[in-house]
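Undergrad: Sequence first, then the predicted structure, then my questions.
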There are 4 protein chains.
Amino acid sequence: MLFRRLKTSGLAQHSYILECGDGLALVVDPRRDIDDYLRIARENALTITHVLDTHRQEDFVQGSAALAAATGAAIVAGTHESFGRADLRLRDGEAIDIGSTRVLAFETPGHTPESVSYAAYPRNAGGRCWGVFTGDALFVGETGRTDLTDPARTAENAGTLFDAIHDKIAPLGAQALLFPAHGAGSACGGAIADRDDSTLGIEQHTNPVFTRDRDGFVEHKLAEKLPRPPYFRHMEAVNLDAGRPQPSLSRIPSLQPGAFRGQAADACVIDTRAPDAFAGSHVPGSYNIWLDGLASFGGWFVHGDEPVLLVTDSASDVGTAALALARIGIDEVSGALAGGIEAWREDGQPIDFVATTSAVQAARWRDEGSATILDVRDARERAEGHIGGALHVYVGDLGQNLPAVGKGERLVVHCSVGHRSGIAASILRRHGYTNVHNLLGGMKAWEALGLPVERAS
Amino acid sequence: MLFRRLKTSGLAQHSYILECGDGLALVVDPRRDIDDYLRIARENALTITHVLDTHRQEDFVQGSAALAAATGAAIVAGTHESFGRADLRLRDGEAIDIGSTRVLAFETPGHTPESVSYAAYPRNAGGRCWGVFTGDALFVGETGRTDLTDPARTAENAGTLFDAIHDKIAPLGAQALLFPAHGAGSACGGAIADRDDSTLGIEQHTNPVFTRDRDGFVEHKLAEKLPRPPYFRHMEAVNLDAGRPQPSLSRIPSLQPGAFRGQAADACVIDTRAPDAFAGSHVPGSYNIWLDGLASFGGWFVHGDEPVLLVTDSASDVGTAALALARIGIDEVSGALAGGIEAWREDGQPIDFVATTSAVQAARWRDEGSATILDVRDARERAEGHIGGALHVYVGDLGQNLPAVGKGERLVVHCSVGHRSGIAASILRRHGYTNVHNLLGGMKAWEALGLPVERAS
Amino acid sequence: MLFRRLKTSGLAQHSYILECGDGLALVVDPRRDIDDYLRIARENALTITHVLDTHRQEDFVQGSAALAAATGAAIVAGTHESFGRADLRLRDGEAIDIGSTRVLAFETPGHTPESVSYAAYPRNAGGRCWGVFTGDALFVGETGRTDLTDPARTAENAGTLFDAIHDKIAPLGAQALLFPAHGAGSACGGAIADRDDSTLGIEQHTNPVFTRDRDGFVEHKLAEKLPRPPYFRHMEAVNLDAGRPQPSLSRIPSLQPGAFRGQAADACVIDTRAPDAFAGSHVPGSYNIWLDGLASFGGWFVHGDEPVLLVTDSASDVGTAALALARIGIDEVSGALAGGIEAWREDGQPIDFVATTSAVQAARWRDEGSATILDVRDARERAEGHIGGALHVYVGDLGQNLPAVGKGERLVVHCSVGHRSGIAASILRRHGYTNVHNLLGGMKAWEALGLPVERAS
Amino acid sequence: MLFRRLKTSGLAQHSYILECGDGLALVVDPRRDIDDYLRIARENALTITHVLDTHRQEDFVQGSAALAAATGAAIVAGTHESFGRADLRLRDGEAIDIGSTRVLAFETPGHTPESVSYAAYPRNAGGRCWGVFTGDALFVGETGRTDLTDPARTAENAGTLFDAIHDKIAPLGAQALLFPAHGAGSACGGAIADRDDSTLGIEQHTNPVFTRDRDGFVEHKLAEKLPRPPYFRHMEAVNLDAGRPQPSLSRIPSLQPGAFRGQAADACVIDTRAPDAFAGSHVPGSYNIWLDGLASFGGWFVHGDEPVLLVTDSASDVGTAALALARIGIDEVSGALAGGIEAWREDGQPIDFVATTSAVQAARWRDEGSATILDVRDARERAEGHIGGALHVYVGDLGQNLPAVGKGERLVVHCSVGHRSGIAASILRRHGYTNVHNLLGGMKAWEALGLPVERAS
């Protein structure tokens, strides 16, 4: 019985393919680039007949429509109208049989109103629930955020979610395997555990939705305060039609430095190298979004149909970067710098720099009063501990909330390890700050060195 | 928290690598070819510090010693003397901490006297057992065979195993994930379920060790009657020293047809192509063991240090075949036929043939009485249903128990689908039977066509 | 200076990518699947600015239009109207400069009226011709066939070709490297040498166009008598527009046996396994065209827009097979048998067989007069030697010229090694011949064994 | 006829495998890591029977002995005693036949006294030389350096080489293909053309050995002044025995930051990242040798059996780096930093920085007199043009010839593009210079911007 979890790096999104018997298979919450599902099916002599959507995704382009088109599979969803397109709508508690596997749908709203979980009962699992696909309702160690549909109704949604999980999911039993749509690092939940494998029984002893009572859980969700990427609205619109097919990624032109420069003025230039490489030299005006962060952060900085130009570490990263952007609906990658930053430099094109610093040096400057510290992490992280006296603006909001310090003053920007502060440093350079230092190692290094941390009381 | 199951095709062997915190990792029951563990560790910035052996393996060469040598890791085992080499011996119930993960050892004898299971408690799993590495004690849907140490004590061992699982494993809780050392298709257990993911809670409703009482379970084990490959004894000796390193697989010489023929007389020639390809033409005297069956069946036919010569479908299969053999301790692959059977034929070398047939045709012959049917499946399979009037000799025993029919009489040989009957057909050709037909599709096709099946009463 | 030859297996087609300086590159005679050119360009920081067509290809779909669309490159051709689409038309002797490389066009008709060769002069090659892209005019050891446009004018075309090579190519000098559009095995030339690397100086001592005088060369071309695949006409039409983009190959559905059988009646079923595997069992009515022969022979048997169903050795061969078909314009692959022939057999579906035989056995039957031998090689091969008394029908014509022997009589079919006789055997089975034997090893084995060969006097 | 050139990145070394007929193949000048030859042979059904050494290599560990051991092939060499080990010694003009291919040996000393070239005559090349393997005697556009055996005899050796090429190689004819042992970028020749494909006819119009007379050629060689890496002596000793087998590269331990730091004090730490990434943060005291430069420059800085520790961009670079080092005989890679520089930083370990600068900024500082410029290219490059007023020390000599400027003074270090200046910057940091700027883009950017260049008159 083939069962495979496909993890989408950058989005921490999990989709699944499950063999159901008689050569048939189902896929849960496919991403836009569907070739992996097709390949796995072909290699294992399976025919994909059902695509299960747990909810209308807000953080990436769904592949449901593309996969259905490629295979003839039926799109399965709940009855709520927020599922725009579906071929088969299951009511709460309703079952379908695929091959020798029974699948039951349960409405589990709270994260979004239409959210559905699917409990799977393979033939040889003894009549008990073998595993449950919980979408964004129940994660490992956490639940889906409840502020997305309307921040004002976060508490109400949290209560709804609590009830759904207790009424619909918990009764499936401690033995049931848990298959959520996201792992640690997703923007759809707070402190998702960095452990993929879990069961309802383990959650019952670790997950706030079980370890707290209803009020305590609502309080927990109210305290989450997660950033809300602006492109989410766009995704919801696209996904009302179950997503859309993916553009070709091999066709992105290699632009020689002169041609790249010519197009850069009207484009969003993204440099996907590590922040220290970016610090050492980069195309003036470019954003620095590290490769694996592109799917999470690209959507904050690329606007509408603005063309994107890429600067990457290696040629093979061009496709990886374009795929990450495509997964969040950014299809207009109009070129990549041929030969990367080296060709650019050797061509005599202008380069720009950012300074880097260490926690030790930053602490010294702070103690001397010779630098302003800027924390660009999110509110939840900051609440867990911060450097005394540091300003705080979330990286996603920085362009609209520039720090009120002189453009030439020494500014040390930090996040948890140095990636998001790399984005922030590039934003600050774009806005004319000339003395920006990226604190490499970030809060992690700071704490590892035992430097003083303030915690909100 | 990285956790990866590595499945060894052909042996249906499962080994595991688990991130334990602080950059440390443990590996459970490694196979001889250890590069995958090293690669995964490197790619995930992990240092392997502990190698856990659940028991002295009898069906493959352990990689524990090789992995310890390559990484400096400690080999962890139980206290029983059958664990030859170990750096750290845990008593029943004793714990070690690796990074932030606690591991408890439990003695779970029955399959072998030294068998140990390891229960893992990662930091973020709430103090309950997250998962248990059960080796060959508890599989998904089955338990380890209890006849290996001494067939006469099968029942006694079964009782011991029943008690161990009920006393040591069951108390870990329904929520615990189950990580056994084998999946469906292994020679170490009977009807292992073809589903990798399970929990103790699921087993409690499906596994005979839980669904039957002690006597019923003993009866179930007595009825198993599994073949015992002759190379097992050799493995046990090798593994008393925690295995041994693997030879280089890229160095196998490509032999031109003339040179191959020259060496074939003193070697065991194995043709790894599919049985229908083998039927269509092959090197006279060669065994036909399909590629993915090599690790299970090679050990039945290669004796001692006899050199092996390979005929494969493609050049890339040479390495795959040699690796499969190396995994069971057969290191003397002295050459592969350059250009495969095509080069052989074009060189004018002698070729031999086997006939193939379909279930429909075989049934007709049987009804006419114009063919003898020979079933080469194992006793357990045969007991579940067989073709009326068919002779029965297990494929592994066929060379020593040739059917008492004329060498020129029509003989239809079958197994479940046609692979093992391919081996059998090649054995019969070697012994001079000239009218051998391999029933392609085997019992599966026979049953799919609704042809009559007899069941032992 | 990057220079890469890309060989298209099956078609023996060669295309080229050449770095020209300043980051620019040209591509000569691209195939339809253009991703390799794009990948090489990207990995080497090159921008493809020119696509050179040597002639309108008749044996495969050109990628010129697709590559121009993906890169913005200009399509370069000669002035003859048979080049349907071109962005830049060079007259005889006219030059263009790309980066620091000069390219001169020379009209070299004879194979086709529009054929052009391109001589390359990189900056650092001392002012002499470095290499010449000769398309189908001059091959290694051979020239392009001259019968394609009109068999009646073969001699006239041969004279034209002789003159063009002596007048335009030879003067480039002995030092010039030779880069033709085809290697050994192509349907576009007779005895192309199986050596890729050559120079004009080497050709002057080995190639009939140089070692013979004009009349002797014309005679040589008249004697060629090459088969003319029926799909060539279709290719010429498609390529008048410089080819067309390629369909997606990952989207071919995996069909379970029942569904496959349902569609097979209205489709052309092609089994791409080796002929001995096909002999051992196959889907009744299927053609057996070995994987690497699909691009050469698929076009003989698939008609118009007839859907194609595939039976392959492994799942990964499905994409390979579909690509081979796409390269010759066959895009309607409507499915592949999930699990291959094994799944088919196990499902109890009907299977069919062909017999195989060896040269030794075939010779015995021939001597006894107990078999008819059928030679399906082409006329040129047969002229070089054949088995006495063998019938002769080219494999491509066999469906229309069935042998006049009883359907149940023993028929041994052979080609050079056994692949084309595999196709022939499948055709004969389709037409009801029940006693067909494929001579594995073919004429090569026959000759290696020193069996008697007759040569036309 | 399979023929393949294998290019060893970093060393610009070219080796070759040639199919000779009858399934036999020869290999010329194999590198130490021989798996590619074995794989190609296997995939093409070839048996390697002869390994041809053109001379005792001085810049890398030969694979001749390892390849002979793996295949049973004979090592072929000339008669000179500097070929330590050989199984077959050919005299000047002597031939051997391998399959249907004739190979003639010609003594072509000058680069080294024992150098031999091999001319190949495949069966179907018309009796003329098809191609010649010239080792380090004749390159494309250049000849082997003549100063290695004894700098004082550079002129004498140059004359010897001139004579050998004119007497032995030139007569092979303009049509002959040229297959040298090195391409552009090798330390074994000066201005080797960056074009791999050439013929003797092309060389006759472009190569100084042909375009100059004997005296002019000697003068050309005297002017070369190439650096001589210190590890060359070691290679010569190793290669007297035809090289030695390669160590396993998968076994390099991943060290967590604390363990890495513990070992760093007694090791040579090499950071293989790009120079701008190194500039942005690095392990204090580490050398910065970019990945593709490791085979050329590692031998300058690793001494004797000193253990090497690696810091790489990605985990997959560890193997690449270790292979590059192994190719030049550095086998003691005792660990790699797990998680790279990011894990190091996050662990709070100390980091160091180098500044980077652009040509524009460097020119401004130079005009102001606020920086010293240090040119670390070799003498030949410097002679072709340099920045006025720049100091000059070759990067390989820098540790022994530190610039006489204050340790805190601004020092701009440059090479051609920024890689070797990255090495230099790391050396300067090791020696306490605190204000070092690496000029990214180097001389290439300087010239592209039209900044003033001085040329030696």
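TA: Nice, I can see it.

Undergrad: CA only for contacts and neighbour counts going forward, please
TA: Fine.

Undergrad: Just the strands from the stretch 101-250 of chain A, written as ranges.
TA: Counting by DSSP state E, counting those that start in this stretch, the stretch 101-250 of chain A has strands at residues A:101-107, A:116-121, A:131-135, A:138-139, A:142-143, A:177-180.

Undergrad: Show me which residues of chain A are close to chain B?
TA: By CA under 8 Å from any CA of the partner chain, the residues of chain A that approach chain B are A:1-2, A:124-126, A:128, A:130, A:174-177, A:193-196, A:198-202, A:205-206.

Undergrad: what number of residues lie near the residue lying closest to A:L291 once chain neighbours are set aside?
TA: The shortest distance from A:L291 to any non-neighbouring residue, by CA to CA, 6 or more residues apart in numbering or on different chains, is to A:T272 (4.8 Å). Applying other CA atoms under 10 Å in any protein chain shown, we find 26 residues neighbouring A:T272.

Undergrad: returning to what we had before: could you dump the strands of the stretch 101-250 of chain A to TSV with mean neighbour count and mean pLDDT?
TA: As requested, these are exported to TSV (neighbours: other CA atoms under 10 Å in any protein chain shown; pLDDT from 0 to 100):
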stretch	mean neighbour count	mean pLDDT
strand A:101-107	22	98
strand A:116-121	28	98
strand A:131-135	26	98
strand A:138-139	30	98
strand A:142-143	26	96
strand A:177-180	28	98
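
Undergrad: buried ones in the helix or strand of chain A with the lowest mean pLDDT?
TA: Every helix and strand in chain A was compared by mean pLDDT, DSSP states H and E; the lowest is helix A:232-239, with a mean of 88. Neighbour-count burial for helix A:232-239, counted by 16 or more other CA atoms under 10 Å in any protein chain shown, picks out A:232, A:234-239.

Undergrad: before we move on, what about stretch A:380-400?
TA: A:381-382, A:385-387, A:390, A:392-396, A:398-399.

Undergrad: where does chain A dip in pLDDT?
TA: A:457 (pLDDT under 70).

Undergrad: Output the set of residues of it in proximity to chain D.
TA: Counting by CA under 8 Å from any CA, chain A sits next to chain D at A:274, A:276-281, A:342, A:345-351, A:353, A:355-356, A:358-359, A:417, A:440-442, A:444-449.

Undergrad: Show me just the buried residues among those residues.
TA: Using 16+ other CA under 10 Å as the burial test, these include A:274, A:276-281, A:342, A:345-351, A:353, A:355-356, A:358-359, A:417, A:440-442, A:444-447, A:449 as buried.

Undergrad: neighbours of the residue nearest to A:E236 when sequence neighbours are not counted, just the number please.
TA: Distances taken as CA to CA, 6+ apart place A:E58 nearest to A:E236, at 5.1 Å, with adjacent residues excluded. For A:E58, the neighbour count with other CA under 10 Å is 23.

Undergrad: what does A:P171 give?
TA: A:P171: 12 surrounding residues under other CA under 10 Å.

Undergrad: picking that back up, compare the strands of the stretch 101-250 of chain A and give me the one nearest D:L325.
TA: Nearest to D:L325 among those is strand A:177-180 (45.0 Å), distances taken as CA to CA.

Undergrad: Can you give the distance from the closest one to the centre of its chain?
TA: Counting by CA atoms, centre = their mean, to the nearest Å, strand A:177-180 is centred 18 Å from the centre of its parent chain.

Undergrad: just checking, A:N288 touches A:C268?
TA: No - A:N288 lies out of contact with A:C268 (CA atoms under 8 Å); the separation is 11.0 Å.

Undergrad: Please identify which of those two sits among more neighbours.
TA: Per other CA under 10 Å, whichever of A:N288 and A:C268 has more neighbours is A:N288, with 30 against 20.

Undergrad: ok, the more buried one to A:H419 distance?
TA: Separation of A:N288 from A:H419 (CA to CA, to the nearest Å): 9 Å.

Undergrad: likewise A:G99?
TA: Distance from A:G99 to A:H419, counting by CA to CA: 46 Å.

Undergrad: Tell me which of these two has more neighbours.
TA: Using other CA under 10 Å, the more surrounded residue of A:G99 and A:H419 is A:H419, with 26 against 17.

Undergrad: leaving aside the residues next to it on the chain, what's closest to that one?
TA: Spatially, and ignoring its direct neighbours in sequence, A:H419 is nearest to A:P275 (6.2 Å; CA to CA, 6+ apart).

Undergrad: Alright, that wraps it up for me.
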